[in-house]
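Visitor: based on what follows, work out the 3D shape:
(2 chains)
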Amino acid sequence: MTHYLQIWLASARYSVTRTLMFRFDFFLWATVELFWMSVNLLLISVIYAHTTSIAGWTKYEMLLLVGTSLLVQRFLMGFFWSSIFEMGRNIRSGHFDYFLAQPGNILFMASTRKVDLDGLANSLVAMGVVAYAAHKLGLHPSAWDLVAYALMIVCGLAIHYSMLVLSISLAFWITSAQGMEGIYFTLSEFSRLPREAFKGLASLAFVWLLPVVVVSNAPARTLLHGIEPRWVLALVAAASLWLSAAIFVFNRGLKRYSSASS
Amino acid sequence: MFASLTKYRHAFLLGLQSNLVYRANFAVRGFFSLFHLTVVFILWGAAYAGSPSIGGFSFGQTLTYFLVMLVMQFFVGAFNEDYQISEEIRNGLINQFLLKPINYFLYRFSIFVAARLVTGVLILLPLLVAVPLLHDYLTLPHDLWRIALGVPAMALSAVIQFSIAYCFGMLTFWFLDIQGFVILSMAVESILGGQMFPLDLLPAGVFRVAQFLPFYYQTYFPVAILTGRIHDIAVVWQGLGIQLGWVLLLLGLNQILWTRGLRRHTAVGG
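Guide: Down below sits the predicted model:
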């Protein structure tokens, strides 16, 4: 475990040095992410200028939900996005050989190689959105609520990570397919919607089969209504299940990997 | 004149062939756009549950707006033309156009038209699934003038979208990587082009300012004509005038960027 922590810290140090070398890139990408977060917040603001409730959620409750969803996504962008995105490209091009020769778990080595400081900088903005919404709602969560919220964010991150690894692992089977990460972005759109808005088939698909809705709704509900063991358990179970599935599919895919001709 | 047309007809046919190779990718993209439509349906359905009319429009009208926008984008939207142009500049592939009597803008535009023909036809497949499911909600006005003016607005919107993508492609002469600029611009376009919400829901002052920006004409304007969000035909004529103005301005900008960019371009290799 300490061995992996040391590897990760070395990668993080390298990423920080790199960011300091390419400062314009850092500012540009931080602005890109900030703009896209603003797009989502603006959508909420415009809808609530014309209505008072979306599936029983008030404006600031919805802001708390969207902020939570953005927080999980920013962590994913900061800690894993670049590495996993490159993983797909490397599998297709045959450059993935480099990771097979490294002294550690292949998925860990390939998916934690880079840390993006722009994503992490914007996670502070997302936290600000959550804190602002909580303040407007007059919420005073207990220390335990905050611990549960943090735990659920970690579980949400594990689920998003798994979904992204699963989409990218398709490259082991369909080497000609590009833009598979688009699947992840499409699915993550659902995580900004309240659970109560899903009915019938949509509820079955996006609440139960794909846990995209639970990822954001469970932590947001913890801040709004206190710890609900049912939601905590659902999220921990979904995170374990999806992470296991991602590791399984990645390893199965790895067996098919046959490098590539130049 | 005729010889010139033949030249770009060949570019168009070439574009048709190369885009048909990626038909599976486009079909998957079309299929996934149905997920986006599902998000729209759930979010706006929940918003309308509390109020039967938002901004003076029913849920059906708003849903129709998003569906028409989605379909229109497959016919006129610039997908990855900016990256393709950028790639050709970076790899030195544009060098061949510098020595031949062919206009690079028109060459790329011919390929763009071919690509949209392929994606436009392919979006009709997922549409066959979506329309029967949403049939009860969809409501399109039947005025003929809407089609007569909406279709030219769509054509001008295609030129605007392609020109903006072309401008970003040209930035490669100055910057190594244009991805950041493109994604940043996509965020602005998605808001001010009305892709996230119908622009008429913005506060009146902001909406008025948006009407003078090119983004309004790249997506919102043609869709608003076709789906009845613009009531007054005089407003449409006025809009077409501004849209044409933006087309000319962007075409001029394209030309300036191309000429100035070429001064910085270094053609290496053979």
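
Visitor: and the stretch 1-150 of chain A, which of its residues are near chain B?
Guide: Proximity of the stretch 1-150 of chain A to chain B is confined to A:25, A:28-29, A:31-32, A:35-36, A:38-39, A:42-43, A:46-47, A:49-55 under the rule Cβ under 8 Å from any Cβ of the partner chain. In short, each C-beta sits where N, CA and C put it, glycine included.

Visitor: buried among the residues you listed? Make that a ChimeraX selection.
Guide: Of those, the buried ones can be selected in ChimeraX as follows, counting by 16 or more other Cβ atoms under 10 Å in any protein chain shown:
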select /A:28,29,31,32,35,36,39,42,43,46,47,50,51,53,54,55
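
Visitor: which of the residues of the stretch 1-150 of chain A next to chain B fall within helices?
Guide: When DSSP state H is applied, these are split such that A:25, A:28-29, A:31-32, A:35-36, A:38-39, A:42-43, A:46-47 fall in helices.

Visitor: and the residues you listed, which two are furthest apart?
Guide: Using Cβ to Cβ, the pair of those lying farthest apart is A:25 and A:47, separated by 34.0 Å.

Visitor: right, is stretch A:202-222 up against chain B?
Guide: Yes - Stretch A:202-222 is in contact with chain B by Cβ under 8 Å from any Cβ, via residue A:202.

Visitor: ok, residues contacting that stretch?
Guide: Under the criterion Cβ atoms under 8 Å, 6 or more residues apart in numbering or on different chains, residues A:61, A:64-66, A:68-69, A:72, A:141, A:145, A:148-149, A:152-153, A:155-156, A:159-160, A:163, A:187-188, A:190-195, A:198, A:228, A:231-232, A:234-235, A:238, A:242, B:38, B:42 lie in contact with stretch A:202-222.

Visitor: what about 6 Å?
Guide: Residues outside stretch A:202-222 that contact it (Cβ atoms under 6 Å, 6 or more residues apart in numbering or on different chains) are A:64-65, A:68-69, A:145, A:148-149, A:152-153, A:156, A:159, A:187, A:190-191, A:195, A:198, A:231, A:234-235, A:238.

Visitor: how about stretch B:115-127?
Guide: B:15, B:19-20, B:26-27, B:30-31, B:34, B:71, B:74-75.

Visitor: how about it as CSV, C-alpha atoms only?
Guide: The C-alpha coordinates for stretch B:115-127 follow below in CSV (Å, rounded to 0.1, in the frame of the first residue of the first chain):
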residue,chain,number,x,y,z
ALA,B,115,-20.2,14.8,-44.0
ARG,B,116,-23.4,16.4,-42.9
LEU,B,117,-25.3,14.6,-45.6
VAL,B,118,-24.1,11.3,-44.2
THR,B,119,-24.8,12.3,-40.5
GLY,B,120,-28.1,13.9,-41.5
VAL,B,121,-29.3,10.6,-43.1
LEU,B,122,-28.0,8.5,-40.2
ILE,B,123,-29.8,10.6,-37.5
LEU,B,124,-33.1,9.6,-39.2
LEU,B,125,-32.5,6.0,-37.9
PRO,B,126,-32.7,6.9,-34.1
LEU,B,127,-35.4,9.3,-35.1
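
Visitor: and it, what's its mean pLDDT?
Guide: For stretch B:115-127, the mean pLDDT works out to 89.

Visitor: residues of it that come out buried?
Guide: B:115-120, B:122-123, B:126-127.

Visitor: so which of those are in helices?
Guide: The members of the buried residues of stretch B:115-127 that map onto helices under DSSP H are B:115-120, B:122-123, B:126-127.

Visitor: what is the neighbour count of residue B:95?
Guide: The number of residues packed near residue B:95 is 16, by other Cβ atoms under 10 Å in any protein chain shown.

Visitor: do the same with residue B:150
Guide: 23.

Visitor: list the contacts for residue B:33?
Guide: Shown in contact with residue B:33 (Cβ under 6 Å, 6+ apart): residue B:70.

Visitor: partner residues bridging residue B:54?
Guide: residue B:57 (DSSP bridges).

Visitor: with adjacent residues omitted, what lies nearest to residue B:177?
Guide: residue A:25 (7.9 Å; Cβ to Cβ, 6 or more residues apart in numbering or on different chains).

Visitor: oh, I was asking about residue B:267
Guide: residue B:95 (4.4 Å).

Visitor: for chain A, what are the nearby residues on the stretch 51-200 of chain B?
Guide: Where proximity means Cβ under 6 Å from any Cβ of the partner chain, the interface of the stretch 51-200 of chain B facing chain A comprises B:51, B:54-55, B:180, B:183-184, B:187, B:190-191, B:196-197.

Visitor: 10 Å - rerun?
Guide: Contacts of the stretch 51-200 of chain B with chain A, taken as Cβ under 10 Å from any Cβ of the partner chain, map to B:51, B:53-57, B:80, B:175-177, B:179-188, B:190-191, B:195-199.

Visitor: now the closest residue to residue A:155 other than its chain neighbours: which helix or strand?
Guide: Here the nearest residue to residue A:155 in space, its sequence neighbours aside, is residue A:239; by Cβ to Cβ, 6+ apart that works out to 3.8 Å. Element membership of residue A:239 [criterion: DSSP states H and E] is helix A:229-256.

Visitor: elements contacting that helix?
Guide: helix A:82-93, helix A:106-111, helix A:143-173, helix A:212-225 (3 or more Cβ pairs under 10 Å, 6 or more residues apart in numbering or on different chains; DSSP states H and E).

Visitor: any idea of the mean pLDDT in the helix or strand hosting residue B:14?
Guide: Using DSSP H and E, residue B:14 sits in helix B:2-21. Helix B:2-21 comes out with an average pLDDT of 83.

Visitor: list the contacts of that helix.
Guide: The contact list for helix B:2-21 (Cβ atoms under 10 Å, 6 or more residues apart in numbering or on different chains) reads A:176, B:25-26, B:100-103, B:106-119, B:121-122.

Visitor: good, wrapping up.
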